[in-house]
Each structure stands twice: as structure tokens, then as C-alpha cells.
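> Sequence first, predicted coordinates after that:
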Amino acid sequence: MMTTDQTVRTFLEFFRERGHELVPSESLVSPPGDPVLFTTSGMHPLTPYLLGRPHPLGRRLTGTQRCLRTTDLDEVGDTTHLTVFEMLGSWSLGDYGGSQSLRWGWELLRDGFGIDPGRIHVTVFGGDEHVGPDRESWQTWEELGVPVEPTTHENWWSNGPTGLCGPDSEIFVWTGPEIPQGTPTSDDRWVEVWNHVMMRYVRYSDGSLEPLSRPNVDTGLGVERLVRILQDTPSVFEIDLFQPWLTTLPRLWGSLDEPSLRLLSDHLRSSIVVLGDEIMPSATGRGYVLRRLIRRVLTTLWRDGPTRTLSDLPMELIEHTLGHFRQSRDPHEVRTVLLDEERKFGLLLQRGRQVLSHRRFSGPLSEDDYRYLHDTHGLPRDLVVYLNTFSAESGTPPPAVP
């Protein structure tokens, strides 16, 4: 069985053997001028070079990048979504074209990772009112004997409403126990693992498209999703990378249902990685995303165990996470911040209980009530909902921090 580390090495060595230089992993903090709070893909740090600036390492690049997508927060707990994850990538900066990229992708999945070709299906851009079908990718896959499904919006990649964009081709692997059936858009047992973007245009605010003078190819492969397939596990949470969490947390905090165990593992791990990149909890921006992650951990912990505390968390888990992501922050500092946030949240819960005990809030809350609680008392809506839900389910207010 191929481990996570072996999977990453296999990918990077494959592309280095084909003339790609290794680019270092960057921080989760997105590049200056990028409106996105966090680095969400491997291409983000390379945006200036994809727009035409020469890269000091050349025109063929590969690497692995830690990413965070806030849009996936509510999906965490299913079989594929994580808050912080790693993305393997390969890039051609005006060197080879999309067809070569797809052929190498097919070769690596089939021969390097040993995936049965019969379990692979792809999608390509089938064209819309602005741009015709991506015939080059379509023809390449047909020559390789891979089943193709054309789509429109699903296979058009863009870096927001303006900026770099182009058609893409996504590679899916069948994860069901049966013989593969259906297509990627009709059966969610087809799991996307690798996207090849043919970056050919820049879109302007008026919606117009201008062809890039130097088209590029940008690919991204989710590490944890691929490892899940290679290790044949029910979800990304059962791969080797998460075993320290899945074995330690139940020992610390007793019986945990599967959704809670997955959320705690993901959010604690993600909080450590965010802290490892020197981001601190705050009321806005990146810091608020971190604070939200920590508070979701605490509300999940305290819902079934009022005496549970983050002080139970062993240093080994923090060190393991920082080490995997090659972060140099002192693990003791990370632990101190987590415990400080726990203390602050406990105090906020105490104040919230006192405010909500007023008879004005004894019945269903209106939008004006939520607005008043936020503007006057600093109580966010999700915290108020949590306090009321906890009290309704247990008959008692939620606990303060031990």
C-alpha cells in the first residue's frame, strides 16, 4: 500500500524526470493583491508567472502546496472534503501543450500509481456561447481510449470573475464496489482527483476574453483524495495521514460519533496548520476563519462532554502536523494560542448565557433580536443559535471552560 509520503514522492519524481523543477511550498497566506483570504490551489503563488513573467526556475515546474478553502467548511465530514489539504501540481509556462499534459497524467495514474484504466473517466469542455469545444483534449482522450463526458460550466476554470481562465479536463476515478457505471456528472462515486487547466485567456470586467500571448497548462491533484483511492479507504479520514487523530481523539474524549470525530480531526489539524503559518485568531479576515474553526471544535466537544478541554491534546499531534507541513513554528506556541482561544470562548459563553437569560429572549428570536445581540453585546448569530440549541437539547446551559 502506497503511503501519503510515497504518493507525493512518486508524483514529484515523475515530473522531475521530465524536466520539471521543484518549486517550494508557500504559506497559506495568499499573494499580495489576491482578493482570496487563503491560498486555495497550487497555482495561486504562481499567478504572476502564469500571466507572463519569466520564472527563475524555468518553464516546467512541479510542486506540492498546502491549501485552505473556506467554501468547503460545511462539506467537511463527507468522504472527500477537508479544510486544509495538499495539492500536487505541474505547470507548463508556455512550453508543452495540453495534450502532452494529459498523456503524462494518464501515464502516471496508470503506471506510476497502478490505477486500473477501467476505473478512469474524464470530462472536457464541450463549448458554450463564447468559446468552442476543447477539441484537442477531447481527441487526446479518445486516442488513449478513455471515456469522455463533455460539459460546459463544470469544465471552464477561472480565477474569479476576472483574470486567468480557460477550459479544463478533469480526471475521475471510480470508488464504488461495483463495475463502473454512469458518468462523473451522473454518479458521485466517480471522484475527481486531477484537473488539467488549459490556461488560454484573460477575462475582463466587461466579460470579454483576450487570448494569452503565452498559453500555459496548470494541473492540480488532491493528495488526500488520491491516497484514499490508492489505499482503498471509505473516506479521506481513514488514510494513513489521519490515523494519529482517529486513534488519539477517542482515547482522550471517549466515544465520538463519526461526524464529530471527522470534524474534530479536520478542524484541529487545520487550526494547527493555520497557526503554523503565523496567522492569529481575530474578529476579521483570516484570523476570524481560524477562530471559527477553533470554536466549532469546542462546540462539538462540549455538546456531549462538558469537561472536555483542549489542554488534553498531546503535543505529539501538534508536532506531527507541523512536521508534515514543514512548518517551523514552536508547537508550544501553537498549543498556548489554542488554550487561550478556549478560555476566551468560555468567557463569551458565560456572558451570552447571562444576556439570553433575560425574559426578552425567552421566546423565538427575531432578526432584530439577532442584530441587537450582535451589535450591542458582541454575540454572533451562530453563537446564539448554539446556546439556545444546547439548552433545548440538554435542558441546561452549555458549560464554561473547565
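Thanks, I have it. Since we're looking at a predicted model, the values are computed, not measured. Residues are numbered from 1 along each chain as shown.

> going forward, measure contacts and count neighbours with C-alpha atoms only.
Noted.

> number of nearby residues for the closest residue to Pro45 other than its chain neighbours?
Taking Cα to Cα, 6 or more residues apart in numbering, and ignoring the residues beside it in sequence, Pro45 has Pro31 as its nearest neighbour in space, at 6.1 Å. Residues within reach of Pro31, counting by other Cα atoms under 10 Å, total 18.

> hang on, Pro31 is in a helix, isn't it?
No: counting by DSSP: H, G, I helix; E, B strand; the rest coil, Pro31 is not part of a helix but coil.

> Settle this for me: it is touching Met43, isn't it.
No: Pro31 is beyond contact range of Met43, at 10.8 Å (criterion: Cα atoms under 8 Å).

> Quick check: the residue nearest to Pro45 vs Gly58, distance?
Separation of Pro31 from Gly58 (Cα to Cα, to the nearest Å): 20 Å.

> do Thr3 as well
30 Å.

> residue contacts, the closest residue to Gln327 other than its chain neighbours?
Nearest residue to Gln327, sequence neighbours excluded (Cα to Cα, 6+ apart): Gly276, at 5.8 Å. Listed by Cα atoms under 8 Å, 6 or more residues apart in numbering, the contact partners of Gly276 are 322, 327-329, 334.

> Among these, which one sits closest to Thr39?
The shortest approach to Thr39 among the contacts of Gly276 belongs to Gln327, at 15.6 Å (Cα to Cα).

> Using the three-state scheme, assign the closest one.
Going by three-state DSSP: Gln327 is coil.

> hey, where'd the helices end up in the chain?
Using DSSP state H, the helices of the chain run over 4-16, 47-50, 98-107, 135-144, 223-231, 243-253, 258-276, 285-304, 315-324, 331-356, 367-377, 381-394.

> CA atoms only for the fourth one, dumped as CSV, please.
Written as CSV, here are the backbone C-alpha positions of helix 135-144 (Å, rounded to 0.1, in the frame of the first residue of the first chain):
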residue,chain,number,x,y,z
ARG,A,135,-11.2,19.5,-29.3
GLU,A,136,-7.5,19.0,-28.5
SER,A,137,-8.2,17.4,-25.1
TRP,A,138,-11.3,15.5,-26.4
GLN,A,139,-9.2,14.0,-29.2
THR,A,140,-6.3,13.1,-26.9
TRP,A,141,-8.5,11.2,-24.5
GLU,A,142,-10.2,9.3,-27.4
GLU,A,143,-6.8,8.3,-28.8
LEU,A,144,-5.9,7.0,-25.3
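
> what comes up buried for it?
Within helix 135-144, the residues that qualify as buried by neighbour count (16 or more other Cα atoms under 10 Å) are 137-138, 140-141.

> Excluding sequence neighbours, find me the nearest residue to Glu26.
That would be Gln65: by Cα to Cα, 6+ apart, it lies 6.5 Å from Glu26.

> Gly42 is in contact with the one you found, correct?
Yes: between Gln65 and Gly42 there is a contact at 5.3 Å, judged by Cα under 8 Å.

> Between those two, which contacts overlap?
87-89.

> export those to a markdown table and tack on pLDDT, neighbour count and distance to Val355?
Below are the shared contacts of Gln65 and Gly42 laid out as a markdown table (pLDDT from 0 to 100; neighbours: other Cα atoms under 10 Å; distance: Cα to Cα, whole Å):
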| residue | pLDDT | neighbour count | distance to Val355 |
| --- | --- | --- | --- |
| Met87 | 96 | 24 | 45 |
| Leu88 | 97 | 21 | 48 |
| Gly89 | 97 | 26 | 50 |
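
> Under the pLDDT cut-off, which ranges of the stretch 1-150 of the chain? List them.
72 (pLDDT under 70).

> how about the strands of it, start to end?
For the stretch 1-150 of the chain, the strands defined by DSSP state E, counting those that start in this stretch occupy 21-22, 60-68, 84-92, 120-125, 148-151.

> can you tell which of the ones you listed is closest to Leu263?
Among these, strand 84-92 sits nearest to Leu263 (Cα to Cα), with 12.1 Å.

> Any chance you could give me the closest one in CSV, C-alpha atoms only?
The C-alpha coordinates for strand 84-92 follow below in CSV (Å, rounded to 0.1, in the frame of the first residue of the first chain):
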residue,chain,number,x,y,z
VAL,A,84,-6.7,22.2,4.8
PHE,A,85,-5.4,19.8,2.2
GLU,A,86,-2.4,19.4,-0.1
MET,A,87,-2.4,19.9,-3.8
LEU,A,88,0.2,18.4,-6.1
GLY,A,89,0.8,20.4,-9.3
SER,A,90,2.6,20.5,-12.6
TRP,A,91,3.0,23.6,-14.8
SER,A,92,4.0,24.4,-18.3
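
> shift numbering so it begins at 37
In the new numbering, first residue 37, that becomes strand 120-128.

> still on that earlier bit, for Leu277, which of the strands of the stretch 37-186 of the chain is the nearest?
Nearest to Leu277, of those and by Cα to Cα, is strand 120-128 at 11.0 Å.

> returning to that earlier point: could you dump the helices of the chain into a markdown table and include distance to Cys201?
Formatted as a markdown table, the helices of the chain follow (distance: least, Cα to Cα, whole Å):
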| stretch | distance to Cys201 |
| --- | --- |
| helix 40-52 | 24 |
| helix 83-86 | 11 |
| helix 134-143 | 14 |
| helix 171-180 | 16 |
| helix 259-267 | 23 |
| helix 279-289 | 38 |
| helix 294-312 | 28 |
| helix 321-340 | 26 |
| helix 351-360 | 32 |
| helix 367-392 | 38 |
| helix 403-413 | 40 |
| helix 417-430 | 36 |
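
> which stretch in the ones you listed has the least confidence?
When the helices of the chain are compared on average pLDDT, helix 417-430 comes out lowest at a mean of 69.

> ok, Leu262 - contacts?
Val229.

> do that again at 10 Å, thanks
Applying Cα atoms under 10 Å, 6 or more residues apart in numbering to Leu262 gives the contacts 40, 43, 116, 145, 149, 209, 227-230, 268, 272.

> I'd like to know how far it sits from Arg407.
Counting by Cα to Cα, the gap from Leu262 to Arg407 is 44 Å.

> Return the member of the contacts of Gly312 nearest to Gly55.
Nearest to Gly55 among the contacts of Gly312, with distances taken as Cα to Cα, is Gln363, at 27.6 Å.

> So what does that closest one have for phi and psi?
Main-chain torsions, Gln363, degrees, to the nearest 10: phi -110, psi 140.
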